[in-house]
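Chemist: got a sequence here, can you model it:
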Amino acid sequence: MTDEKPSKLKIWLLELRAPFFTASLVPTLLGAAIAWESAGTFHPLLFALTLIGVVFAHAGTNVINDYFDYKNGTDLANKNRTPFNGGTPFLVTGVLTPKEVYRGAIAFFVACAAIGLYLAYAASYWIIPLGIVGIGLGYFYTSPKLNLAAMGVGEFAVGLGFGPLVVEGAYLVQTGELSVVPLLAGLPVAFLIGLVLFINQFPDREADSGAGKNHWVVRMGLQKASFWYAGLMVMTFATVVALWAIGVYPVWSLAALVPVAIAYKAVRIVLDKYGSVRELVPAQAMTVQVHLTVGMLISAGLIVAGLL
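Modeler: Next up is the predicted model:
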């Protein structure tokens, strides 16, 4: 009995890393929740299109990152792939060709741009520069033409792109206005998605270093990076409290402090097991869980406040 080869559709669904699209859902929902709480407005169709557009940009970023990591040898050298890091194996194994992957990434970026143009027409032309920045951050994250990751600003780029930038854009689509509030409200989400990337770089450190991908885990070393992980996690929850204190979040959004218990477990694992790839996997999963839970609870608090 021979194993059945997966269909092309299944391969592409795995290539896109769809389970991680929560990183697109969280800031999009947060931006819409702020619009609801502050202006009492919610347009379901525009929200759906915004979410689809952000997911397309996210998919394009994932795929183009695999392409460039394959071209620069990172994926070939990486022996520490886990469900959370190391990309997908389809280029390395020849299941997908570099041309297919590159064209797929560009197709997703173009689809995102098409939705963005419609949203610019329907809501505000400020969507266009926000979209250009977002797609640019995704494409140039590992592109040899700029390579934000190698420059040591990859974490900042990911935090900005899946934090304040999307939150502001989702708010803008709902209200037609720009505001500093979504930028501030998106900070905890930015810190957490940055931490998702940061902890996923621990297992990738050796391969990334050899390929010249000098992100902060490579630069600092694993032990020092583990301290930074802990510090940034503390800063995330402190920022939630600070944003409530200055009136950006309603009191209901303090429910976002509940996942601190999960965050504490993740921090303990990272501090104790930073050098063990397999033993870090639970902390990688917990970091994703904290990002999703904190973002959803902040949004839920804003929605409740808008209803009262």
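Chemist: what residues of stretch 269-282 count as buried?
Modeler: 269-270, 273-274, 277, 280-281 (16 or more other C-beta atoms under 10 Å). Using the backbone N, CA and C atoms, a C-beta is placed for each residue, glycine as well.
Chemist: export the residues you listed to JSON lines and tack on secondary structure, distance to L96 and pLDDT?
Modeler: Below are those laid out as JSON lines (DSSP: H, G, I helix; E, B strand; the rest coil; distance: C-beta to C-beta, whole Å; pLDDT from 0 to 100):
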{"residue": "I269", "secondary structure": "helix", "distance to L96": "33", "pLDDT": "97"}
{"residue": "V270", "secondary structure": "helix", "distance to L96": "33", "pLDDT": "97"}
{"residue": "K273", "secondary structure": "helix", "distance to L96": "33", "pLDDT": "95"}
{"residue": "Y274", "secondary structure": "coil", "distance to L96": "33", "pLDDT": "92"}
{"residue": "V277", "secondary structure": "helix", "distance to L96": "25", "pLDDT": "82"}
{"residue": "L280", "secondary structure": "helix", "distance to L96": "28", "pLDDT": "94"}
{"residue": "V281", "secondary structure": "helix", "distance to L96": "25", "pLDDT": "93"}
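Chemist: which of those sits closest to Y229?
Modeler: Proximity of these to Y229 was ranked by C-beta to C-beta; the top entry is V270 with 5.0 Å.
Chemist: quick one: contacts for the closest one?
Modeler: By C-beta atoms under 8 Å, 6 or more residues apart in numbering, the residues touching V270 are 199, 202, 226, 229-230, 280, 283.
Chemist: helices - which of these land there?
Modeler: 199, 202, 226, 229-230, 280, 283 (DSSP state H).
Chemist: helices and strands of this structure: which one has the lowest mean pLDDT?
Modeler: helix 74-77 (a mean of 68; mean pLDDT, DSSP states H and E).
Chemist: beyond that helix, next helix or strand please.
Modeler: helix 98-122 (DSSP states H and E).
Chemist: list the buried residues of that following helix.
Modeler: Here helix 98-122 shows 100-102, 104-105, 108-109, 111-113, 115-116, 119-120 as buried, counting by 16+ other C-beta under 10 Å.
Chemist: tabulate those (a markdown table), appending pLDDT and distance to G210.
Modeler: What follows is the buried residues of helix 98-122, written out as a markdown table (pLDDT from 0 to 100; distance: C-beta to C-beta, whole Å):
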| residue | pLDDT | distance to G210 |
| --- | --- | --- |
| E100 | 96 | 26 |
| V101 | 96 | 22 |
| Y102 | 97 | 23 |
| G104 | 97 | 27 |
| A105 | 97 | 24 |
| F108 | 98 | 29 |
| F109 | 98 | 28 |
| A111 | 98 | 34 |
| C112 | 98 | 32 |
| A113 | 98 | 34 |
| I115 | 98 | 38 |
| G116 | 98 | 37 |
| L119 | 98 | 41 |
| A120 | 98 | 42 |
